[in-house]
Structure formats: structure tokens, C-alpha cells
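Participant: What would the 3D arrangement of this be:
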Amino acid sequence: MTDAIVVGAGLSGLVAAVEIAAAGRRVTVLDQEPEQSLGGQAHWSFGGLLFVNSPEQRRLRIRDSIDLARQDWLGAAGFDRPEDHWPRRWAEAYLQFAAGEKRAWLHAMGVRWFPIGGWAERGRNSVPRFHVTWGTGPGLLAPFIVRARQAEAKGLLDFRFRHRVDELIVENGAVVGARGARLAPSTVERGAKSSREVVGDFERRAPALIIASGGIGGNHELVRRHWPAALGAPPHSMVCGVPASTDGRALDTVARAGGRLINRDRMWHYTEGVRNWNPVWPDHGIRILPGPSSLWLDAKGVRLPAPFFPGFDTLETLRHLLRTGNDYSWLILTQHIIRREFALSGSEQNPDLTNKSIRLVLGRAIGKRAVAPVEAFKEHGADFVVRHTLPDLVAGMNAIPDTRSLDYAAVEHAVRSYDEQVGNPNATDAQVLAVRAARSGYLGDRLLRVASPKPLLDPGAGPLIAVKLHVLTRKSLGGCETDLSAHVLSGDGAPVPGLYAVGEAAGFGGGGVHGYRALEGTFLGGCLFSGRVAGRAVARSA
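Facilitator: Down below sits the predicted model:
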């Protein structure tokens, strides 16, 4: 007999499970993937967390407050539906957590952060709040995996990998367990697509069940089915920023058990995806985290207008690009820019931070080469073109399959017009002014993130580089509607007895805590917060 079942062994599921076990309750964790994928998507993450008025911010003289963070959050979220009642309450609760005990709670478990924070979504965040975990995603997961293994050794936690939940057991209106298929053992590497061969079935019962199964980003059929109407038609071609196991299957089981799913058309996909030259899962894409200096062109070679600059406003840039009738775009930059401004999202693309190497981190600020993973993409990536002259660069861009033929004269005009502004002390170009403001403002930008202004055609800045950018699927911003104890709600607004949801399966809380747009650093934080809330609620009720 177990006191609770957790469906999903990612970050939110692990947090919930260890909270239950810490209260002396017994918990079973079911996951359809093999044991080597323990930790789920969080393992692959950059480890970014949003904190409000943190010591790291204060050391860099960044003035932040919960009132400013609330203003930014609500402005980005744009809550405008009746269904936003619980998401909005979750947003307020999460901000209190991010400005309060979140950092101390993690710090007590040994988690640390890179001292210079990032400024993601500059068009929405008033100040830098993106704190990269020292050790990236694996570093954030580590204390919860340790606690889970300790609970397992005490007989309080039981991992059941290769157990796929197909049905929630409902009796007298309450969820009392789960049924499903036992899948064949798999030795595929972490994150790779595993077999769905069924070798048996199972049934497991408990008075409480927590859905921690993630979203739909690995299932492009579901992404297109729920694509936001406000963005127009879904992209014809997308790359995948999450493993194939992020398939949304468990959400249907919640609906069949009486739980309400809301805001399924709210999603967070990126415009800066590139095909991984060394893929782990199908259609594996990596997101570029660009600084502000690259020239951004649409598929026709037309420069994106202000304020659609690299790293400023993900959703509105996506909306603009899709309105052009194409699902890809181009960045044009130089070696001078790429070595300072290009980062790749993910633990495996940042070995210096993941392996906690101060020596390698310092290498980001010196030398003419970018970090090794970026240089590897530049050399091997199918979406990268490197040339010494602009005519050769445009010819190389036109040689990439599935692209429109670019007019050289149009691209040359865009590049030269930009360069004239870069070299003009009285520039009026909004992007050039934004770069200068970044260089003269936040110290972290000047030290590590924003290149000194140089014209793209400056021979000393080369070679020239072009990057084809794809839409990259990533996060579901909607999901199971939950109250502030993470109880899943039914269509009439009452809790479904025994059923809870956390993490991406709950839209990171409430069924859509981010509204339409995320401030970044809030996905892992939402997993932590909702998992902790649900775990403690289940422990109290057990």
C-alpha cells in the first residue's frame, strides 16, 4: 500500500515525491521512460531561475522588488479570460515565493548560482532576474535526486520506470489510483526515443495521485491542434526542443477522469531554434540565446522592425514572423559578435557551467573564439554559413535547403544601412541604441553578454556568419486547472477528490500561471513551487 502516486519523474514530480516522503508518507513514482532519464527535461535545461531582489542582484546594484516583478509579470501575462482566476492567484503566490523563501530553501540544499545574472526577455523584464544555477539543470536536480534515493533506501519511495499510465481509476467520484502498460526495458541514452513495446500491465492504488507528466512540446500533432489562433496558422516546419516523451498523453487521462484542462492554446515556443548537429531525440533543436547585436532578417531578407531585436520579446517576434508567411528567419553576425553574444540553451551546451569550471567560464570573456559548443555548431551545424565576404555569405544562405532565394542587393542594403548606424555617434537606429544602452548600463552585459559595437563588414570583426533560425517547440503554458493546493478542479470548479497536478501539466500552476507570455527563469521555478505545494498538501491529507 502506498499513500500517494506521482506520475512523472521530472523535476516537479521529484519535488512532490520527496516532500511526501519527508513527512514519513509512502509514495510511488511512475514514469514511462527508463531510469536513465530520471529528472526529465530539467536535466537538459540551462538551470535558469527567476529570483526577486536576490543577493546576486544587489551585488550588481540592480534594484528589484516584488512590486516591480508583479508589474512585469502581469504586463507580460495579459490575463484576460474567466479561466485566469486561479492562474492569476498562482502568479501572486509564486512571486511571493520567488521574492521570499525560494532562494534560501534551495541554498540550504546546496544549490548555488552564477554571480552574474542574465537579462532574458528584455522587452518584458525591467531588470535582470535570470539566475543560472551553478551546475545548470543537473545541478538543480541533484539535491532532489539525492533526497529521493535516500527515501528509496528507507522504503518510503518506490520508483517504477517503464510504467505508462493509460487510465486513472475513479471510484465514487474520487481518483484512487492508475492503470496502464508496463513497457519493455530500454537501454537508450538519456532523452532518446524509447520503445513503446508493451510487455504487461499494472494497477496501482493510493488515496492521492499527482500528475507531473509535462506538456506537449514533443508532440507536434498536439502543438498544431492547439496552436494559438492569434498567431495565425501553425508553422509548416518546426524543430523540437524537448524529448519525444513530452507527448501530452497523461493530460487526456485527467480529462477522462473529470479534470478540467484550460488555456491549451497558450504556448511558449522560440524563434531562435537551430537543428542540433549531434541530435539525441527526433528533430532535436537547440535554442540560441542571442545578445542584441545580430542583424535579424525574415525569410525574404527584410530586416525585422523595432522592437523585434534578438532576445527582447519572444512571443511578439514569433507573431511577426508568422505573419510574413514563412516559418524561419536569418541572423547575420560576425565572429566578433558570436564569441561574446551567442550562448546555446541547455546543460550539454554549457560544459563550463554544468561542470562548474571557473577556468572555462573565464574563457568566455577572452580570446577570439566562442565557447566550444558554439564553435562546434558553427563548424558542423546545417543552419550555419561562414564566409569572408557578403556575396559569398548570401550565396551560402541560398544554398541551404528549403529556403527562399534571397536578393543580394536587398541583403547588402540592410547590412550597410545597419553598419552606417553602428558607426554613427548620433545614430537613431533603435537596435543600435539598445546595444549602446546595454553596454553602458548593466555590468553583466558589458562583461559577458554584449559585444563592443563594430560594423558587420569590418574586416577585423569577421568572418561573416549567417544562421537560419527555426521555430522551436518548448513549453505548454496551459494545462490542468488547479487551486492553490494543486488540487485539480472539475468543470464545475470543485476539486476532483484525490487528484493533483504540478509543473507543466498544470501550466506550471493553476492551469496557466504565465498567461500568454513567460518572463523566463519561471519554468523550473514553477516546477519547484507547484511540486512543493502539492507534495506538502498530499502529505497533510494522507
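Participant: Ala518: neighbouring residues, count only.
Facilitator: By the criterion of other Cβ atoms under 10 Å, Ala518 has 26 neighbours. Where you see a C-beta, it was placed from the backbone N, CA and C, and this is true even at glycine.
Participant: Excluding chain neighbours, what is closest to it?
Facilitator: Trp268 (5.2 Å; Cβ to Cβ, 6 or more residues apart in numbering).
Participant: Could I get the average pLDDT for the helix or strand containing the one you found?
Facilitator: Assigned by DSSP states H and E, Trp268 belongs to strand 267-275. The average of the pLDDT scores along strand 267-275 is 96.
Participant: And stretch 209-226, by the same measure?
Facilitator: Here stretch 209-226 scores 97 as its mean pLDDT.
Participant: Start and end of it, how far apart?
Facilitator: Start-to-end span of stretch 209-226 (Cα to Cα, to the nearest Å) is 26 Å.
Participant: Please spell out which residues along it are buried.
Facilitator: 209-220, 222-223, 226 (16 or more other Cβ atoms under 10 Å).
Participant: Equivalent analysis for stretch 243-256, please.
Facilitator: Those would be 243-251, 253-254, for stretch 243-256 by 16+ other Cβ under 10 Å.
Participant: Kindly report the same for stretch 344-362.
Facilitator: 344-350, 352-354, 360-361.
Participant: need the residues you listed in CSV with distance to Leu261 and pLDDT, can you?
Facilitator: As requested, those are exported to CSV (distance: Cβ to Cβ, whole Å; pLDDT from 0 to 100):
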residue, distance to Leu261, pLDDT
Leu344, 33, 90
Ser345, 28, 92
Gly346, 29, 91
Ser347, 30, 91
Glu348, 32, 90
Gln349, 33, 92
Asn350, 34, 90
Asp352, 40, 88
Leu353, 36, 90
Thr354, 35, 92
Leu360, 43, 80
Val361, 42, 78
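Participant: packing partners for the helix or strand containing Ile169?
Facilitator: Element membership for Ile169, per DSSP H and E: strand 163-171. Helices and strands touching strand 163-171, by 3 or more Cβ pairs under 8 Å, 6 or more residues apart in numbering; DSSP states H and E, are strand 27-31, strand 174-183, strand 198-205, helix 249-256.
Participant: which secondary structure elements does the host helix or strand of Leu321 contact?
Facilitator: Secondary structure from DSSP H and E places Leu321 in helix 314-323. If you count contacts as 3+ Cβ pairs under 8 Å, 6+ apart, helix 314-323 packs onto strand 267-275.
Participant: May I have the strand it packs on exported as CSV, CA atoms only?
Facilitator: The C-alpha trace of strand 267-275 is given here as CSV (Å, rounded to 0.1, in the frame of the first residue of the first chain):
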residue,chain,number,x,y,z
MET,A,267,2.3,28.0,-25.5
TRP,A,268,5.9,29.2,-25.3
HIS,A,269,7.9,28.4,-28.4
TYR,A,270,11.1,30.1,-29.6
THR,A,271,12.0,31.7,-32.8
GLU,A,272,15.8,31.1,-32.4
GLY,A,273,16.0,27.3,-32.9
VAL,A,274,18.7,25.6,-34.9
ARG,A,275,19.0,21.9,-35.8
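Participant: relative orientation of the helix or strand that that strand is followed by and strand 267-275 in degrees?
Facilitator: Using DSSP H and E, the helix or strand that follows strand 267-275 towards the C-terminus is strand 285-289. Angle of strand 285-289 versus strand 267-275, following axes from the mean of the first three to the mean of the last three Cα atoms, to 10 degrees, is 100 degrees.
Participant: mind listing what Pro292 touches?
Facilitator: Contact analysis of Pro292 by Cβ atoms under 8 Å, 6 or more residues apart in numbering lists 122, 309-312, 341, 431, 434-435, 438, 450.
Participant: Just give me the closest of the buried residues of stretch 243-256 to Leu231.
Facilitator: The closest of the buried residues of stretch 243-256 to Leu231 turns out to be Gly248 (Cβ to Cβ; 18.9 Å).
Participant: low-confidence ranges in this structure?
Facilitator: By pLDDT under 70, the low-scoring segments of the chain are 365-367.
Participant: what's the neighbour count on Arg439?
Facilitator: Residues lying near Arg439 (other Cβ under 10 Å) number 17.
Participant: quick one: contacts of stretch 437-445?
Facilitator: So stretch 437-445 is contacted by 60-62, 116-119, 128, 291-292, 446, 449-450, 452-453 (Cβ under 8 Å, 6+ apart).
Participant: Put the buried members of these into a ChimeraX selection.
Facilitator: In ChimeraX syntax, the buried subset of the contacts of stretch 437-445 is picked out as below (16+ other Cβ under 10 Å):
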select :60,62,116,117,118,119,128,291,292,449,450,453
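Participant: As a check, name the ranges of all strands in the stretch 251-400 of the chain.
Facilitator: For the stretch 251-400 of the chain, the strands defined by DSSP state E, counting those that start in this stretch occupy 261-262, 267-275, 285-289, 295-298, 328-334, 343-344, 384-387.
Participant: related to what we said a few turns ago, in the strand holding Ile169, what's buried?
Facilitator: 163-166, 168-170.
Participant: Now these in CSV, please, with extra columns for distance to Ser195.
Facilitator: Converted to CSV, those look like this (distance: Cβ to Cβ, whole Å):
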residue, distance to Ser195
His163, 14
Arg164, 11
Val165, 17
Asp166, 16
Leu168, 24
Ile169, 26
Val170, 29
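Participant: Looking at these, which one is closest to Arg205?
Facilitator: Distances from Arg205 to the buried residues of strand 163-171, taken as Cβ to Cβ, are shortest for Ile169 (6.7 Å).
Participant: residue contacts, the nearest residue to that closest one once chain neighbours are set aside?
Facilitator: Spatial nearest neighbour of Ile169, excluding adjacent residues (Cβ to Cβ, 6+ apart): Gly177 at 4.1 Å. Gly177 sits next to 5, 168-169, 203-206, 209 when contact means Cβ under 8 Å, 6+ apart.
Participant: Let me see the contact set for the nearest residue to Thr253 once chain neighbours are set aside.
Facilitator: Nearest residue to Thr253, sequence neighbours excluded (Cβ to Cβ, 6+ apart): Leu168, at 5.2 Å. If a contact means Cβ under 8 Å, 6+ apart, then Leu168 has 175, 177-178, 209, 253-254, 256-257, 499 as its contacts.
Participant: likewise Ser530?
Facilitator: Ser530 makes contacts with 12, 90, 482, 486, 501-503, 506, 508-509, as judged by Cβ under 8 Å, 6+ apart.
Participant: The residue nearest to Ala518 against Thr314, yeah?
Facilitator: Yes. Checked against Cβ atoms under 8 Å, the pair Trp268 and Thr314 is within contact range at 7.1 Å.
Participant: who touches both of these two?
Facilitator: 517-518.
Participant: host element of the closest residue to Leu209 other than its chain neighbours?
Facilitator: Nearest residue to Leu209 in three dimensions, chain neighbours excluded: Ile5, at 4.6 Å (Cβ to Cβ, 6+ apart). Ile5 belongs to strand 4-7 when assigned by DSSP H and E.
Participant: got the contact list for that strand?
Facilitator: So strand 4-7 is in contact with 13, 16-17, 20, 25-31, 165, 177-178, 204, 206-213, 250, 538, 542, going by Cβ under 8 Å, 6+ apart.
Participant: That strand pairs with which strands, parallel or anti?
Facilitator: Using DSSP bridges, strand 4-7 pairs in its sheet with strand 27-31 (parallel), strand 209-211 (parallel).
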